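just coords:
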């Protein structure tokens, strides 16, 4: 019986359990098991719990929003993080962050991407067949028309 495959398998399991490997998806059976990310852009240790994985990915998106392009089927929390960055950029500059909204529109090409805001999928799908610029502007109009755009809570005196 060859001993080398057994030793390599045990070594792989130990490396995974100790967090020496990076992962590119949530564990099988998790609510967001279809979510995938490119290991080249995200260094997620294999020993992290799913909540910590999602927080790490959201932190990466908050710091470098264009990295959102390297996630397939982003979770609603990841999308809300991108929406918060979009909202911040809209408030601080005169230019709309069209590139980031385009990333959001692209994420909704997959039927497995869960909605971050009610009606967002329908608003994006209603623009199918249009060029990306029109789709982005329609999505921005939809988000801007929401009562509390991008989950911002307004403080009242």
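Alright, I've got the coordinates. Since the structure is predicted, the reported quantities are computational estimates derived from the model, not experimental observations.

from here on, contacts and neighbour counts on C-alpha atoms
Noted.

A strand includes residue 147, no?
No. Read with DSSP: H, G, I helix; E, B strand; the rest coil, residue 147 is coil and lies in no strand.

average pLDDT for stretch 133-149, rounded please.
Over the span of stretch 133-149, the pLDDT mean works out to 86.

apologies, that question was intended for stretch 65-79.
Per-residue confidence for stretch 65-79 averages out to 97 on the pLDDT scale.

ok now it, how far from the chain's centre?
2 Å (C-alpha atoms, centre = their mean, to the nearest Å).

buried stuff in it?
When burial is assessed from 16 or more other C-alpha atoms under 10 Å, stretch 65-79 yields the following buried residues: 65, 67-75, 77-79.

quick one: end-to-end distance for stretch 122-140.
The straight-line separation of the ends of stretch 122-140 (C-alpha to C-alpha, to the nearest Å) is 13 Å.

what does stretch 111-124 give?
Across its full length, stretch 111-124 reaches 12 Å between end residues, using C-alpha to C-alpha.

average model confidence for it?
The average pLDDT for stretch 111-124 rounds to 94.

what sits up against that stretch?
Stretch 111-124 is touched from outside by 34, 73-77, 79-80, 105, 107-108, 135, 138-139, 142-143, with contacts defined as C-alpha atoms under 8 Å, 6 or more residues apart in numbering.

repeat for stretch 23-40
Applying C-alpha under 8 Å, 6+ apart, the set of residues contacting stretch 23-40 from outside is 22, 43-46, 50, 53, 70-75, 112.
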